[in-house]
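Make a model of this:
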Amino acid sequence: MSQSSSDFPMPPRLNTAEGNERRVGVELEMNGLDIDQIARLSADFLDCKVENSSRYERTLTGDAAGDWLVELDFSLLKKLGREQRIKDDLGDDLKTSAEEVIKWLADGLVPHELVSPPLPLSRLHEVDGLIAHLRQAGAKGTGDRLTNAFGMQFNPEVPDTTAQTLCAYLKAFLCLFDWIVQRADIDFTRRLTSYVDPFPPAYVRRLLSAEYWPDLPGLIDDYLEANPTRNRALDMLPLFRHLDEERVLKKAPDELIKARPTFHYRLPDCLIDQPGWGLHLAWCDWLEVERLANDPERLEACCAAYRTHLDRGLGRLLHDWVAEVKQHWLAAKA
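Here you go, the predicted structure:
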């Protein structure tokens, strides 16, 4: 059942430093429906119009927050789909034949992706309603077949861009990471990929140090030195590119890094075909990061406890950090 606006939980900081309501972009990967079915069903639910952007892309217009996108999550096919057909002298469509082979190989393996515009926090409950609408029509997610390594990603706008705030969020996420992973129960197929690799242990120890509160260039440099990749459960590269593009591209020259003033949380599976599943489940887990990051005393104590856990060496096998998180370091019962 989808959440209503009144009971969809909210973070402790609702507004940006400029006083605007924070926003969240959501990305859902799925199959079971073709691109036009997803576009039409989503447009009907959102009261939008469908525009055919290319052979593998649809744009939903008319939402006050911005355009929604439905696309095949395959960069090469999207590029081909934007190009005009090229025919030889005999009229044979040379590009079409190659494109169709690629499309045939991609079918069943490459998901369609539904991408929202940045939605105000007060509209997040609508995503759960849309998920239920697509589920009823036959959308399939990660668990439908072994090859469905499909994810849900969301991008919470940062409350401010100070080094202190961003460092606090990173510390909170790393302290709660083991608990979040257990909660997410990531599908085996996705765990085999490198999409959400853990942060390097040396970086975790450095970041959780009580003395580690660098300025913004230092925070970005340290992150890039240890994590010059998008493949992290909490990918900071889009935010850091937004803040200092030249610094980021020197270390991580990846055209897929899209600059935006958000955290890029990419851990959860997309279980869109399972009754009761929705954005609210992973969102509630993310809110524990928000709450810990915005409670300095509790964050300092949690970091100290986690450092003690890490210092146990092999003794960590006998100490259940996830159980300690559940008992001591959550603001709400999970």
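
Isn't Arg307 up against Leu207?
No. Between Arg307 and Leu207 there is no contact under CB atoms under 8 Å: 10.6 Å. All C-beta spots, glycine's among them, are computed from the backbone N, C-alpha and C.

So for the two, which residue has more residues nearby?
Neighbour totals were compared for Arg307 and Leu207, and Leu207 leads with 21 against 15 (other CB atoms under 10 Å).

correct me, but that one touches Leu174?
Yes. In this structure, Leu207 is within contact of Leu174 by CB under 8 Å, at 6.1 Å.

show me where pLDDT drops low in the stretch 151-300 of the chain?
Residue ranges of the stretch 151-300 of the chain with pLDDT under 70: 187-196.

Give me the longest strand you can find in the chain.
In the chain, taking DSSP state E as the definition, the longest strand is strand 23-30.

what's next to the helix or strand following it, contact-wise?
For strand 23-30, the succeeding helix or strand toward the C-terminus, using DSSP states H and E, is helix 35-46. Contacting residues not belonging to helix 35-46 are listed as 30, 33, 48-50, 56-58, 60, 62-63, 68, 70-72, 112, 114, 126, 129-130, 133-134, 137, 139 [CB atoms under 8 Å, 6 or more residues apart in numbering].

Flag every buried residue along helix 35-46.
35, 37-43, 45-46 (16 or more other CB atoms under 10 Å).

Name the next helix or strand downstream of that helix, please.
strand 49-54.

Centre of the chain to the following helix or strand past that following strand, how far?
Note on strand 49-54: by DSSP H and E, the next helix or strand toward the C-terminus is strand 57-61. A distance of 20 Å separates the centroid of the chain from that of strand 57-61, by CA atoms, centre = their mean, to the nearest Å.

With stretch 273-283 instead?
How far stretch 273-283 lies from its chain's middle: 14 Å, per CA atoms, centre = their mean.

just stretch 237-247 next, same as before
The gap between the average C-alpha position of stretch 237-247 and the chain average comes to 17 Å, counting by CA atoms, centre = their mean.

quick one: the strands in the protein?
For the chain, the strands defined by DSSP E cover 23-30, 49-54, 57-61, 68-72, 112-115, 119-120, 152-156, 234-235, 264-265.

of all the ones you listed, which lies closest to Leu281?
The closest of those to Leu281 is strand 152-156. By CB to CB, the value is 9.6 Å.

any idea of the angle the closest one forms with strand 23-30?
Angle, strand 152-156 to strand 23-30, by axes from the mean of the first three to the mean of the last three CA atoms, to 10 degrees: 170 degrees.

And for strand 152-156, what's in contact with it?
Residues external to strand 152-156 that are found in contact with it (CB under 8 Å, 6+ apart): 11, 22, 24-29, 118, 238, 260, 262-266, 268-270, 279, 282-283, 286, 290.

ok, now stretch 227-242?
In this structure, residues lying in contact with stretch 227-242 by CB under 8 Å, 6+ apart are 155, 158, 161, 166, 170, 173, 177, 180-181, 194-200, 203, 220, 223-224, 247-249, 251-252, 254, 256-267.

Tabulate the buried residues of helix 35-46 (TSV), appending pLDDT.
Converted to TSV, the buried residues of helix 35-46 look like this (pLDDT from 0 to 100):
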residue	pLDDT
Ile35	93
Gln37	97
Ile38	97
Ala39	98
Arg40	98
Leu41	98
Ser42	98
Ala43	98
Phe45	98
Leu46	98
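
Between the residues you listed, which sits nearest Leu317?
Nearest to Leu317 among the buried residues of helix 35-46, counting by CB to CB, is Ile38 at 45.2 Å.

quick revisit: just the buried residues of the contacts of helix 35-46.
Buried residues within the contacts of helix 35-46, defined by neighbour count using 16+ other CB under 10 Å: 30, 33, 48, 50, 56-58, 60, 63, 68, 70-72, 112, 114, 126, 129-130, 133-134, 139.

For Asp222, which residues are in contact?
For Asp222, the residues meeting the contact criterion (CB under 8 Å, 6+ apart) are 203, 206-207, 214.

I'd like these laid out as TSV, including distance to Gln327.
Rendered in TSV, the data for the contacts of Asp222 read as follows (distance: CB to CB, whole Å):
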residue	distance to Gln327
Tyr203	27
Arg206	27
Leu207	23
Pro214	31
